[in-house]
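K.L.:
Quick one, fold the following:
(one chain, ligands or ions: 1)
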Amino acid sequence: MRNSLIIKAAFSEKTERPPVWMMRQAGRFMKEYWEIKNKYSFLEMCKTPEIAADVTMLPVDLLGIDAAILFSDILVTAEAMGGDLSFNQGVGPLFANPVRTNADIDRLEINVMDKLQYVDDAIKVIQQRLNGSIPLIGFAGAPFTVMSYLVEGGSSKDFKLTKLMLHNEPEMAHKLLSKIASVTADYLNLQIAAGVNAIQIFDSWAQALAWDDYKEFSHRYITEIIAKLQRKDIPVISFCKGSSVFAPLMAEAKPDVISIDWNVDLLDIKKRLPSNIAVQGNLDPHILYADKKVIKQRIYALFDRMKGENGFIFNLGHGIMPDIPFDNVKYAVDIIKEYHY
Ligand code: CP3
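P.N.:
Below you'll find the model as predicted:
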C-alpha cells in the first residue's frame, strides 16, 4: 500500500496523476446503495461487517476510485459512549438523550472499544475483499463536531447550545471534549490495528467557530489525538469546512494532509503550508451537477494549477450530495484517470 497513488501523494511524494477519492462516495447517489439501504437501517448497515463491506466496495467496483473509505459514521463513538442515536430519513442523526449538564457528561463512558468491535471486524472483511488493490481509509469525527451532535441532540444550523456551552461553561465543555478525544484516539488506534491504510479526521462544522475558539476547543484536541496515534506508514488527513481559514493552525497539529474547502485557491494555500504537508480537495461538489464539459474543464483547470506540486489528492470540498447524477461522478473519475501531469 505504501506505493499506492494516494499514500504516496499523502506523504508528499510525486505521482504520475492526481489520485482520486470522494467524501461520501458510498451513499445515496448510487441506486445500488438503495438496494441495500431499503433492507436495513443505517446503523444495522454500519454494525454488520458483511454489509458495511458490501457498501464500502460499491464505489470501488462501480467507480474505480483510488481509495475505499470504511462505511460507518462519525457518530458511532458517541453512541458507544452512551448516546441514544438514531438516523431518520430526511431528519439525519438524532440523540434522544442530549448532553447538556455535568451529570450528563459524567454518565458518558470512555472505555468503550468492546462496543466498537464491529468496526474492527468490518475493516478485516473489507481488507480481504480489497485484497491489496487500493488503500482503505478509516475515519473518526473531530471532538468539536461530535460534541455538537451530542449537545444539540442532532444536526444544527447555528450550533447555539454548543457555542453557549463553550462560552458560558468552558470547563464543562473541556470535560466533554476530553472524554470524546480520549475515545476518538482509542478508536482510531483500533482501526489502525485492524488494518486501515490512512485516517481522516472530520471536523465538519468547525467553520462555526471564531479563531480563538477553534484553537481552544477544536485544534487542541485534534493535536492531542494525532500525537496519540500508533502509526508509521499511515497518513492522517485533517478535514474541516473552514480549512481555507484554519489551515495554518491545522498544520500545527501535524497531519500529513489537510483537506481544503472550495473557497480558496488550492495552490495558494499549498504554498502557505509547510512543504511536507499535502493538500486534498477542493472541487465545489455542485460542479458535479453541471454539464460534463464543465466538469472536465473545472477538474483539469485544478490539475493544471497543481502541476509540479507533490502532495495533492483530488477530492471534493465536502461530501457528494445524494441527488448528484451517478453518471457525472463516474465521468469525473474516468477523466481524472486519463490525466497525466
Ligand atoms: O464517505 C463515505 O462514503 C463513508 C461513509 C460516511 C458516512 N458518514 C455515511 C453516511 C462518512 C465518512 C460519514 C461521515 C459523517 N457523518 C460526517 C462527516 C462528513 C461530512 O459530511 O461532513 C458527518 C457530519 C456525519 C453525520 C451524519 N451522518 C449526518 C449529518 C447524516 C445525515 C445527513 C445525510 O447525509 O444523510 C448522516 C447519515 C449518513 N452517514 C448517511 C451515510 C451514507 C445517510 C444514511 C441514509 O442512507 O439515510
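
K.L.:
Report all helices and strands that the longest helix along the chain contacts.
P.N.:
Under DSSP state H, the helix in the chain containing the largest number of residues is helix 170-194. Applying 3 or more C-beta pairs under 8 Å, 6 or more residues apart in numbering; DSSP states H and E, one finds that helix 170-194 makes contact with helix 76-80, helix 102-107, helix 117-130, strand 136-141, helix 143-152, helix 160-168, strand 198-203, helix 220-228. C-beta coordinates here come from the backbone N, C-alpha and C atoms, glycine included.

K.L.:
So is that helix next to the ligand?
P.N.:
No. Using C-beta under 6 Å from any ligand atom, helix 170-194 stays clear of the ligand, coming no nearer than 12.3 Å.

K.L.:
what comes up buried for that helix?
P.N.:
Residues of helix 170-194 classed as buried by neighbour count (16 or more other C-beta atoms under 10 Å): 172-174, 176-192, 194.

K.L.:
Check the gap between the residue most central in space within the chain and the ligand for me.
P.N.:
The geometric centre of the chain, computed from its C-alpha atoms, lies nearest to Phe202 (C-alpha atoms, centre = their mean), at 4.2 Å. From Phe202 over to the ligand the distance is 4 Å, taken as C-beta to the nearest ligand atom, to the nearest Å.

K.L.:
so what's the residue nearest to Ala206 when sequence neighbours are not counted up against?
P.N.:
Nearest residue to Ala206 in three dimensions, chain neighbours excluded: Cys240, at 4.1 Å (C-beta to C-beta, 6 or more residues apart in numbering). Cys240 makes contacts with 142, 202-204, 206-207, 218, 246, 250, 259, 261, as judged by C-beta atoms under 8 Å, 6 or more residues apart in numbering.

K.L.:
which bits of the stretch 51-200 of the chain sit near the ligand?
P.N.:
Neighbours of the ligand within the stretch 51-200 of the chain, by C-beta under 6 Å from any ligand atom: 69, 71, 73-75, 87, 89, 92-93, 139, 155.

K.L.:
how does it look with 5 Å?
P.N.:
69, 73-74, 92 (C-beta under 5 Å from any ligand atom).

K.L.:
Closest to Ser133 out of those residues?
P.N.:
Using C-beta to C-beta, Ile69 comes nearest to Ser133 of these, at 14.4 Å.

K.L.:
Could you measure from the closest residue in space to that closest one that isn't next to it in sequence over to Asn102?
P.N.:
Spatial nearest neighbour of Ile69, excluding adjacent residues (C-beta to C-beta, 6+ apart): Ile137 at 4.4 Å. Distance check for Ile137 against Asn102: by C-beta to C-beta, to the nearest Å, it reads 36 Å.

K.L.:
Neighbour count for these two, which is higher?
P.N.:
A side-by-side neighbour count of Ile137 and Asn102, using other C-beta atoms under 10 Å, places Ile137 first with 23 against 13.

K.L.:
And the more buried one, how far from Val151?
P.N.:
Distance of Ile137 to Val151, computed by C-beta to C-beta: 28 Å.

K.L.:
before we move on, what about Ala53?
P.N.:
Note on Ala53: its distance to Val151, by C-beta to C-beta, is 33 Å.

K.L.:
cool, Pro18 as well?
P.N.:
Distance of Pro18 to Val151, computed by C-beta to C-beta: 38 Å.

K.L.:
got a list of what the residue in the stretch 151-300 of the chain positioned nearest to the ligand touches?
P.N.:
Residue nearest to the ligand within the stretch 151-300 of the chain: Ser204 (3.1 Å; C-beta to the nearest ligand atom). Going by C-beta under 8 Å, 6+ apart, Ser204 touches 74, 141, 145, 239-241, 318.

K.L.:
By neighbours, which of those residues wins?
P.N.:
Cys240 (29 neighbours).

K.L.:
if I look at that one, how far off is His318?
P.N.:
If you measure Cys240 against His318 using C-beta to C-beta, the figure is 10 Å.

K.L.:
Then Pro93?
P.N.:
On the measure of C-beta to C-beta, Pro93 and His318 end up 17 Å apart.

K.L.:
before we move on, the earlier item: for the contacts of Cys240, give me CSV that also has pLDDT and distance to Ser275.
P.N.:
Shown next, in CSV, are these (pLDDT from 0 to 100; distance: C-beta to C-beta, whole Å):
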residue, pLDDT, distance to Ser275
Ala142, 98, 25
Phe202, 98, 25
Asp203, 98, 23
Ser204, 96, 27
Ala206, 96, 24
Gln207, 96, 26
Ser218, 98, 25
Phe246, 97, 19
Met250, 98, 16
Ser259, 98, 18
Asp261, 96, 21
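
K.L.:
Report the beta-bridge partners for Ala68.
P.N.:
Here Ala68 sits in beta bridges with Leu136, as judged by DSSP bridges.
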